[in-house]
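A.B. asks: what's the 3D shape of this:
(chains A and B)
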Amino acid sequence: MISNLIKRKIFTLLKVQYSNMLEYRVEIALWAISGIIPFFMLNIWTNNNLNESINISDVMLSRYFLSAFFVRQFSVVWVVFSFEEDSLMGKVSPYLIQPLNPFFRYFAQHLAEQLTRFPFALIIAFFFFIFNPESIWIPNLGILLLSIVSTFLSFLIQFLIQSIVACLCFWTEKASSIERLLFIPTLFLSGLLAPVVSFPAYVKSWIYLTPFPYLIDFPANLLSGNETNISGGLSMQILWIFLIFPLFKKIWSEGTKKYTAMGS
Amino acid sequence: MGQNIIDVRNLSKSFNISSKEPGLKGTIKHFFRRETKSLKVIKDISFEIKEGEIVGFLGANGAGKTTILKMLCGLIYPSEGSILVSGYLPFRRKENFLKNITLIMGQKQQLIWDLPPIESFYLNASIYDLDKFEAKKRIKKLSEMLEIDEELFIPVRKLSLGQRMKSELLAALIHEPNILFLDEPTLGLDINAQRNLRKFLQKYNKENNATICLTSHYMKDITSLCKRVICVQEGAISYDGKLDLLLKKLSPVKEILIVCRSEDDAIKLENYGFTVKNKIKNEITIKIENNSITSSLKTILNNFDIEDLFINEPPIDEIIGKVLIKKDYDI
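C.D. replies: Prediction:
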């Protein structure tokens, strides 16, 4: 009975948000196209033969960057911007007095947006393979499923980190500026611009202590078939979620006490 | 009328406000040394509201009405004092408490802008754990009460303000809350839409024995819905009681226009001892205190040849305006 209610709640939330996202399908197509940084990076790497220094073949590198593109497409998070706007405009107020944490709405919005984005990402991948036919590969079902799980965990980590930053709206009002600061390490350390394996050994040892390499590098390596520690990577992702979630709950609970419901 | 459903004791709320001087100098100063001060916007207020009561909160802009409502529904945290709503501490936002209340703010919307309202209704229904059958039944009932039908299937962005407000109400009431917090619910609506909304709220209050706390700057909302009003002045309660008593207090005198059969009668009446406001030929306007109106009218009708008589109530907006404008008005 209870699980049915929860299931229906989740299903309705996703269904409504998906209908809403379909209203923005053109924008979402453009966002999908705007996420092609990994392809530029691939071009830079292969044209300068940089991959030779890290013993990755051209084919494996192009598979890595295509995987990085896919992981990025399905783990991109913008909750801080939505929450900040809603908070400043007073739109959070009606959500706060409903028996559902407002972040579930944003979470559903993200999932719905990913679903809308999916066909566009496939089209982009199709064109990628036309220009790079040697890169075509079909990962085995097990790896594919683990990659999907890992991408989802990456999304969860990013969603939780950004939700914590979003909660800072209760104190600073312009929390998105803090997110900009976080974007820099995310860009350089996540594996979006370069596989983490290409970093010097002492830098790598530090990077692996942060959540960043588990956002793009680990799931992309997993999907592309590069050598990676699957159980170690997944465990680290789960560990980060367990570390960040209580922090989010604490900041949320303290933040709502500070809420002044401005703009409403 | 039932037992107390809202109990507020010595409630206060302070906000930290930063101020900035105008111009470049002020901006630079503000950047390096931001001055903030604590502003007490609600000052030690206490009141109770009974189940099924409709209470209007009156006060000028910035008096603190909305802040009180926000604290009552648990949206903001009180600085001092205690609030119990339906036996719950509102700011803890317990699920059972939230299922029992709703807050409607004029011009603020919770409906999804690009989708028809019906989608938001079903979403809210699932948030409040209503099954599809029950949700359908309630949407039908409320849409009939609110007289909306086709609008349910048109994207919110294409609805008029009145249609949108009705849809907002439906979304906010789908879980049939017992306590309604309404902050300027008729803001921006035309006269007909305002009247319909008031009719709907009266009906909802009767059918569900719902308690309604209302703020509005449209006096008609207050007079047609609320028997009791709480006047808020600079964060403190200056009056808490029946609306008609407040009106009597603020306007102790009525004006009576008397049309006499002849000008001679009008002259006699002018010299009889009443306070005369003006006299034009056979028409005379006198002022009579509310508590002596019956006896004075008897005297006039028995002693003078009267053709017609009009009792002029001063406009309620004007009377209430006295409370809002004059901050130290003694009520």
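A.B. asks: Please make it C-alpha for all contacts and neighbour counts, starting now.
C.D. replies: OK.
A.B. asks: now B:Gly56, what's its secondary structure?
C.D. replies: Under DSSP: H, G, I helix; E, B strand; the rest coil, B:Gly56 falls in the strand class.
A.B. asks: Counting neighbours, what do you get for it?
C.D. replies: Per other CA atoms under 10 Å in any protein chain shown, the neighbour tally for B:Gly56 reads 26.
A.B. asks: for A:Phe152, same thing?
C.D. replies: Under the neighbour criterion other CA under 10 Å, A:Phe152 is assigned a count of 19.
A.B. asks: same check, this time on the one 4 residues further on
C.D. replies: A count of neighbours around A:Leu156, defined by other CA under 10 Å, yields 23.
A.B. asks: Show me the longest helix that occurs in chain B.
C.D. replies: The helix that spans the most residues within chain B, counting by DSSP state H, is helix B:191-208.
A.B. asks: which outside residues touch that one?
C.D. replies: Contact with helix B:191-208 is made by B:52, B:145-146, B:162, B:166, B:178, B:186, B:210-212, B:221, B:224-225, as judged by CA atoms under 8 Å, 6 or more residues apart in numbering or on different chains.
A.B. asks: Go again with 7 Å.
C.D. replies: Residues from elsewhere that reach helix B:191-208 (CA atoms under 7 Å, 6 or more residues apart in numbering or on different chains): B:52, B:145-146, B:162, B:178, B:186, B:211, B:221, B:225.
A.B. asks: cool, stretch A:154-161 as well?
C.D. replies: Contacts of stretch A:154-161 from elsewhere in the structure, counted by CA under 7 Å, 6+ apart, are A:75-77, A:214-215, A:237, A:240-241, A:244-245, A:248.
A.B. asks: circling back: using CSV, lay out the contacts of helix B:191-208 together with pLDDT, neighbour count and secondary structure.
C.D. replies: Shown next, in CSV, are the contacts of helix B:191-208 (pLDDT from 0 to 100; neighbours: other CA atoms under 10 Å in any protein chain shown; DSSP: H, G, I helix; E, B strand; the rest coil):
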residue, pLDDT, neighbour count, secondary structure
B:Gly52, 94, 20, coil
B:Met145, 82, 18, helix
B:Leu146, 83, 19, helix
B:Gly162, 83, 19, helix
B:Asn178, 94, 21, coil
B:Thr186, 84, 25, coil
B:Thr211, 96, 24, strand
B:Asp221, 88, 20, helix
B:Leu225, 93, 20, helix
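A.B. asks: before we move on, back to that, please list which of the contacts of stretch A:154-161 are also close to chain B.
C.D. replies: Residues of the contacts of stretch A:154-161 in contact with chain B (CA under 7 Å from any CA of the partner chain): none.
A.B. asks: Just the buried residues out of these, in PyMOL syntax.
C.D. replies: Written as a PyMOL command, the selection of buried residues from the contacts of stretch A:154-161, which uses 16 or more other CA atoms under 10 Å in any protein chain shown, is:
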select buried, chain A and resi 75+76+77+214+215+237+240+241+244+245+248
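A.B. asks: Take the contacts of stretch A:154-161 and keep only those in helices.
C.D. replies: Assignment to helices by DSSP H places the following of the contacts of stretch A:154-161 there: A:237, A:240-241, A:244-245, A:248.
A.B. asks: Please enumerate the helices of chain A.
C.D. replies: If DSSP H is used as the criterion, the helices of chain A fall at A:2-22, A:25-34, A:37-47, A:58-73, A:79-88, A:92-96, A:102-131, A:141-167, A:169-172, A:176-189, A:201-207, A:217-224, A:230-258.
A.B. asks: Show me which of the ones you listed has the highest average neighbour count.
C.D. replies: For the helices of chain A, the largest average neighbour count (mean count of other CA atoms under 10 Å in any protein chain shown) is found in helix A:217-224, namely a mean of 27.
A.B. asks: got the residues of chain A near chain B?
C.D. replies: Checking chain A against chain B by CA under 7 Å from any CA, the hits are A:5, A:8-9, A:12-13, A:16, A:20, A:91, A:93-94, A:96-100, A:257, A:259-261, A:264.
A.B. asks: any chance of the contacts of stretch A:154-161 in CSV, plus pLDDT?
C.D. replies: Written out in CSV, the entries for the contacts of stretch A:154-161 read as follows (pLDDT from 0 to 100):
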residue, pLDDT
A:Ser75, 94
A:Val76, 92
A:Val77, 94
A:Tyr214, 97
A:Leu215, 97
A:Gln237, 97
A:Trp240, 97
A:Ile241, 97
A:Ile244, 97
A:Phe245, 97
A:Phe248, 97
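A.B. asks: where does the residue of chain B most remote from its centre land in three-state SS?
C.D. replies: What lies farthest from the middle of chain B is B:Asp264; by CA atoms, centre = their mean that is 47.8 Å. Secondary structure of B:Asp264, reduced to three states by three-state DSSP: helix.
A.B. asks: before we move on, back to that, for the longest helix of chain B, which positions count as buried?
C.D. replies: Of the residues in helix B:191-208, those buried under the neighbour-count criterion (16+ other CA under 10 Å) are B:193-202, B:204-205.
A.B. asks: For the contacts of stretch A:154-161, please prepare JSON lines with the additional fields distance to A:Phe159.
C.D. replies: Rendered in JSON lines, the data for those read as follows (distance: CA to CA, whole Å):
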{"residue": "A:Ser75", "distance to A:Phe159": "8"}
{"residue": "A:Val76", "distance to A:Phe159": "8"}
{"residue": "A:Val77", "distance to A:Phe159": "6"}
{"residue": "A:Tyr214", "distance to A:Phe159": "13"}
{"residue": "A:Leu215", "distance to A:Phe159": "11"}
{"residue": "A:Gln237", "distance to A:Phe159": "13"}
{"residue": "A:Trp240", "distance to A:Phe159": "12"}
{"residue": "A:Ile241", "distance to A:Phe159": "10"}
{"residue": "A:Ile244", "distance to A:Phe159": "10"}
{"residue": "A:Phe245", "distance to A:Phe159": "10"}
{"residue": "A:Phe248", "distance to A:Phe159": "10"}
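A.B. asks: Can you report how many residues lie near the residue lying closest to B:Cys73 once chain neighbours are set aside?
C.D. replies: Spatial nearest neighbour of B:Cys73, chain neighbours left out: B:Pro90 (5.8 Å); criterion: CA to CA, 6 or more residues apart in numbering or on different chains. Residues lying near B:Pro90 (other CA under 10 Å) number 25.
A.B. asks: List the contacts of residue 81.
C.D. replies: In the absence of a named chain, chain A is used. The contact partners of A:Phe81, taken as CA under 7 Å, 6+ apart, are A:Ser176.
A.B. asks: if you could check chain B rather than the one you did, that'd help
C.D. replies: B:9-12.
A.B. asks: ok, now A:Trp240?
C.D. replies: Contacts of A:Trp240 were listed using CA under 7 Å, 6+ apart, and they are A:157, A:211.
A.B. asks: Under the pLDDT cut-off, which ranges of the stretch 51-200 of chain A? List them.
C.D. replies: Counting by pLDDT under 70, the stretch 51-200 of chain A shows no low-confidence range.
A.B. asks: that older thread, flag the least confident of the buried residues of helix B:191-208.
C.D. replies: Across the buried residues of helix B:191-208, no position has a lower pLDDT than B:Ala193, which has 80.
A.B. asks: so how far is B:Ile148 from that residue?
C.D. replies: Here the distance between B:Ala193 and B:Ile148 works out to 12 Å (CA to CA, to the nearest Å).
A.B. asks: Can you give me the neighbour number for B:Lys141?
C.D. replies: So B:Lys141, with other CA under 10 Å, has 14 neighbours.
A.B. asks: looking at this, it is in a strand?
C.D. replies: No: counting by three-state DSSP, B:Lys141 is located in no strand; its state is helix.
A.B. asks: sorry, back to before: quick one: which of the contacts of stretch A:154-161 is nearest to A:Ser176?
C.D. replies: For those, the minimum distance to A:Ser176 (CA to CA) is 12.3 Å, reached by A:Val77.
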